[in-house]
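Student: Build the 3D model from these lines:
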Amino acid sequence: MATSATFVIDFGSITDAYLVAELDDDRNGGKTSFSRGDTVHFRIYSDVNYTIETTSGTIIDGTVNTPESMDLEVLTFVKGEAPSVSKKVVTIDNTTWYGNNLGAITSIGPTTVQAANADETTLGIAAVEYTSEYNQHSLVPPGDMTDTWHILVYILAVA
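Tutor: Residues are numbered from 1 along each chain as shown. Next up, the predicted model:
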């Protein structure tokens, strides 16, 4: 049996947008391979509106703005450069500085942060805990799936 789903993200004419899709480990029970007829749950992290289309099956929207606690990402602050975290930042919840304390860390972009006292002369390392958020979606496969099946999920950023 060979079933595959491909996610395609299209930013269209929108620049500086954040739009990421990934499997929902929690709702899928950690599964990354699915059998014929399985519903596939996925998350979308975004700072823009978007639409979803699929070649077959049905997309079901779930909870929006679902909070997710992100634990201890270690960031380096090198000579004023703003580091990135792995997911969209909603709030910075806790910061632990190792050595040089460059002050409060704030979000300056969807995944970019900066320390208050960071500049071209400073160095710092901090562990950051933050809250992200995502929207839940599910792909319910078509009832007439055969043992070999391919599904395309197209996600378009819209203004």
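
Student: Quick check: beta-bridge partners of residue 96?
Tutor: Beta bridges link residue 96 to residue 127 when assigned by DSSP bridges.

Student: Which pLDDT does the model give it?
Tutor: If you check residue 96, the pLDDT there is 98.

Student: ok, how many other residues are close to it?
Tutor: 12 (other C-beta atoms under 10 Å). Where you see a C-beta, it was placed from the backbone N, CA and C, and this is true even at glycine.

Student: now it: how far from residue 74?
Tutor: In this view, residue 96 and residue 74 are 9 Å apart by C-beta to C-beta, to the nearest Å.

Student: Kindly report the same for residue 12.
Tutor: Taken as C-beta to C-beta, the span from residue 12 to residue 74 is 34 Å.

Student: if we can go back for a sec, now for residue 96 and residue 74: what residues contact both?
Tutor: 126, 127 (C-beta atoms under 8 Å, 6 or more residues apart in numbering).

Student: Residue 22 against residue 42, yeah?
Tutor: Yes - counting by C-beta atoms under 8 Å, residue 42 is a contact partner of residue 22 at 6.5 Å.

Student: So the two - more neighbours on which side?
Tutor: Under the criterion of other C-beta under 10 Å, the comparison of residue 22 against residue 42 puts residue 42 first, with 23 against 12.

Student: which SSE is the more buried one in?
Tutor: Using DSSP states H and E, residue 42 maps to strand 40-46.

Student: Excluding sequence neighbours, find me the nearest residue to the residue lying farthest from the centre of the chain.
Tutor: Distance to the chain centre peaks in the chain at residue 121, reaching 32.2 Å (criterion: C-alpha atoms, centre = their mean). Computed as C-beta to C-beta, 6 or more residues apart in numbering, the closest residue to residue 121 that is not its neighbour in sequence is residue 79, at 7.1 Å.

Student: How about the contacts made by the residue most central in space within the chain?
Tutor: Centrality entry for the chain: nearest residue to the mean C-alpha point is residue 45, 4.0 Å, by C-alpha atoms, centre = their mean. By C-beta under 8 Å, 6+ apart, the contact set of residue 45 is 18, 19, 20, 21, 22, 87, 88, 132, 133, 134.
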